[in-house]
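[1] this one's sequence-less:
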């Protein structure tokens with residue numbers, strides 16, 4: 001690579017291209033030429049342009065019958081030369097290329113010259129797309145190339161129409177056309193070649209290349225301006241229907257896929273333009289029906305066909321375009337297209353059907369996964385179509401399902417039932433069906449479904465889950481479906497669907513579930529004890545039980561909690577006595593996870609309720625301690641015992657902290673009785689082995705309880721202890737603990753937000769904390785630097801109100817500014833510049849007189865913050881910063897501008913979007 005960019009490359013490249021070298025060496029020489037021309041154009045003297053051009057033409061002619069890879073590379077080099085020279089230095093580059101290769105040369109075979117020319121003309125637009133030309137030049141060169149197509153297209157048409165043109169020449173012609181149309185050439189200029197490409201579709205050898213050419217031509221963004229040409233393209237597309245049907249019948253997936261791509265390209269890219277041509281509505285409807293045939297192509301995706309998935313986006317686009325018309329016009333189109341969309345629903349639900357059990361058994365896991373994703377895409381399409389068809393769509397699905405389940409003469413397959421339910425679930429999951437008059441009937445039908453299959457059972461579960469909000473408004477219907485869900489809980493194959501559905505019901509309907517609570521808890525306990533479900537589903541199940549218990553009376557909650565968690569507490573006691581080993585470690589983490597997930601949702605104060613219903617108000621105000629606190633106090637000593645043995649294990653410590661963190665977040669002020677003992681335990685934990693999870697929990701406690709006088713003493717003691725231990729860690733070398741430093745900086749920022757008085761404590765070393773913050777700004781980890789910036793943007797506004805902070809900033813603020821400028825100068829990632837700008841803004845706003853002195857002194861250092869900026873640029877930046885004390889956004893823009901200067905990137909294409 002270094003050789004290719006060296007000044008000597010001009011000389012050795014030509015030597016390496018000698019005909020006596022092997023192709024690999026020749027290729028290296030051709031690549032070196034391309035690199036020099038494309039990246040180091042300014043190094044080439046203008047008086048050498050012509051000789052370079054002439055040499056390249058000579059070598060391309062020589063290699064026309066030689067190595068294909070070397071020929072292509074030389075063509076790319078000449079294309080790059082042409083793009084750099086046009087239009088001034090080489091006004092008619094493309095015409096010259098065509099003329100040069102058409103000239104008789106007795107040494108080179110005519111076909112070889114033709115292929116070399118086609119290769120050159122093909123790579124020219126491709127090289128333009130990837131070239132490093134400045135933006136203004138790109139626009140200029142694009143328009144010159146678009147005009148030059150007049151020299152290319154007649155040649156391509158002639159070669160396609162010649163009877164004696166061999167297949168490989170025609171293939172190259174179609175590739176060349178495909179390359180040129182991406183230069184946004186007017187569609188009307190491409191008309192003849194598009195028609196020739198349609199003719200080529202009949203030739204199996206040219207089929208794939210012709211499809212690519214037609215699709216690229218039709219898909220140009222600019223093509224919609226040429227409506228008459230688009231209308232002329234509909235008949236040849238419709239003319240492919242017979243070829244499509246034959247391909248489907250013979251199982252030729254490649255041909256059906258290609259024809260479908262063409263139909264979808266025309267429909268999807270230009271539906272609005274074609275819909276506007278009202279007098280041609282029948283021909284466009286015929287195109288829509290052709291695409292419908294592609295959507296419903298026979299066979300199961302992805303095993304028997306891969307075409308139907310290409311069409312789904314078209315239906316979104318068509319619907320959007322119809323609904324964007326003004327009401328009168330929309331009504332006319334709705335009349336035509338509503339029946340089409342009802343037909344689409346039938347087609348999609350047919351395509352969503354599972355194959356027979358026997359056939360599905362032979363599918364690979366990859367095919368099953370592709371089919372699952374395909375069904376999700378169908379589900380999204382059905383949900384979107386609801387916007388057009390509305391409640392009538394639900395009624396239609398319900399009627400079909402009713403007829404299916406009540407028709408005793410013709411028993412249906414489970415696949416048909418499952419697909420209809422899946423359609424219903426797709427809509428109910430995202431659309432509010434609370435006012436639908438068919439849901440009660442559907443809930444009544446569900447118990448009548450004969451469930452003989454896992455896929456059907458899964459869909460029944462997910463359908464019930466999607467109707468959980470409706471059940472909350474119609475609690476009398478809960479008993480129709482709850483037994484089905486509880487029965488499914490015992491089946492490991494229905495683990496995800498049954499547990500997630502129960503969780504949804506418990507969350508949405510908790511105030512109507514007390515009559516069923518004992519049964520739900522009993523069944524859940526049984527499946528948990530039998531270990532039927534994987535860890536994540538066990539956690540969901542505990543969350544479901546948390547929601548359920550939240551709506552019960554305190555004594556009922558305690559009774560249920562006792563029976564639910566006693567087995568786990570006993571197990572944990574046993575594990576706490578054992579010598580630590582990998583298997584009991586996993587068991588401990590599992591039990592702690594179950595408890596924390598239960599406490600995440602067990603909320604008798606209903607902090608999370610956004611219900612406006614009066615049912616929340618009906619619940620009596622709870623007296624006495626919160627049940628979660630009662631349980632936590634009972635198991636507190638046991639948790640301490642577990643910790644004492646597992647303090648070295650970050651995951652066990654994290655699991656312990658998660659129990660309290662989730663409880664604090666859920667209970668808020670109700671957690672108060674636990675604060676003193678939890679602070680003490682956290683202090684002991686962190687003093688022994690500092691870990692992130694302990695700081696995170698401390699931050700949570702500071703956030704919720706620090707401002708309350710009763711809890712301030714233990715919170716203060718914990719905050720001081722965590723700070724002291726972390727400062728010691730800094731003295732020993734914090735580079736190995738960026739995560740702890742990150743969390744510590746967030747804790748300091750939280751303390752300043754919630755209780756700045758913590759920084760008034762006589763035994764808090766504010767200076768050391770400040771210095772740690774400055775050190776953290778120099779960490780390579782972006783999240784740590786971001787957290788440190790957050791600490792300083794909270795600290796600096798407190799200079800006036802907290803004397804120790806004011807004093808430390810006065811004495812050490814210059815070091816902070818120095819670190820910030822180093823980061824801006826190039827030491828930190830550009831993504832962090834906004835955060836550094838916030839520190840500068842805060843310094844300017846709260847320490848203006850100090851900043852004006854510090855910034856002047858800092859900028860007087862040679863080569864600081866970067867050797868790339870001049871004294872004038874540094875002075876200009878300083879003055880801009882000092883002048884802007886109101887508009888933070890302007891300061892961010894100044895910092896972005898200055899950091900680009902410092903990095904030598906200002907004005908480069910590399911930073912165009914920065």
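    Ah, there it is. All figures in this text were calculated on a predicted structure; none of them were measured in a lab.
[2] so residue 87 is in which element?
    Element membership for residue 87 (DSSP states H and E) is empty, with no helix or strand holding it.
[3] thought it was touching residue 142?
    No - assessed by C-beta atoms under 8 Å, residue 87 is found out of contact with residue 142, at 11.2 Å. All C-beta spots, glycine's among them, are computed from the backbone N, C-alpha and C.
[4] count the residues that sit near residue 636.
    For residue 636, the tally of surrounding residues (other C-beta atoms under 10 Å) stands at 15.
[5] dump the residue contacts of it.
    Applying C-beta atoms under 8 Å, 6 or more residues apart in numbering, one finds that residue 636 lies in contact with 674, 677, 681.
[6] and the host helix or strand of it, how far out from the chain middle?
    In this structure, residue 636 sits in helix 627-646 according to DSSP H and E. Relative to the mean C-alpha coordinate of its chain, helix 627-646 is positioned 40 Å out (C-alpha atoms, centre = their mean, to the nearest Å).
[7] same for whichever helix or strand comes after that helix, what does it pack against?
    Heading C-terminal from helix 627-646, the first helix or strand you meet, by DSSP H and E, is helix 650-667. Contact analysis of helix 650-667 by 3 or more C-beta pairs under 8 Å, 6 or more residues apart in numbering; DSSP states H and E lists helix 582-601, helix 627-646, helix 692-705 as its packing neighbours.
[8] Throw the ones you listed into a markdown table and include distance to residue 227 and mean pLDDT, thanks.
    Written out in a markdown table, the entries for the helices and strands packed on helix 650-667 read as follows (distance: least, C-beta to C-beta, whole Å; pLDDT from 0 to 100):
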| stretch | distance to residue 227 | mean pLDDT |
| --- | --- | --- |
| helix 582-601 | 58 | 93 |
| helix 627-646 | 68 | 92 |
| helix 692-705 | 61 | 94 |
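[9] which of the ones you listed sits closest to residue 78?
    Comparison of the helices and strands packed on helix 650-667 against residue 78 by C-beta to C-beta identifies helix 692-705 as nearest, at 59.0 Å.
[10] next one: that closest one to chain centre, how far?
    Here helix 692-705 is found 31 Å from its chain centre; the criterion is C-alpha atoms, centre = their mean.
[11] now the angle from it to helix 650-667?
    Counting by axes from the mean of the first three to the mean of the last three C-alpha atoms, to 10 degrees, helix 692-705 points 10 degrees away from the direction of helix 650-667.
[12] quick check: which helices or strands does the longest helix belonging to the chain pack against?
    Ranked by residue count under DSSP state H, the longest helix found in the chain is helix 135-161. Judged by 3+ C-beta pairs under 8 Å, 6+ apart, helix 135-161 is in contact with helix 93-102, helix 110-130, helix 167-180, helix 191-200.
[13] dump those helices to a markdown table, plus distance to residue 768, mean neighbour count and mean pLDDT.
    Supplementary listing: those in a markdown table, determined by distance: least, C-beta to C-beta, whole Å; neighbours: other C-beta atoms under 10 Å; pLDDT from 0 to 100:
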| stretch | distance to residue 768 | mean neighbour count | mean pLDDT |
| --- | --- | --- | --- |
| helix 93-102 | 69 | 18 | 86 |
| helix 110-130 | 54 | 20 | 90 |
| helix 167-180 | 65 | 22 | 94 |
| helix 191-200 | 75 | 20 | 94 |
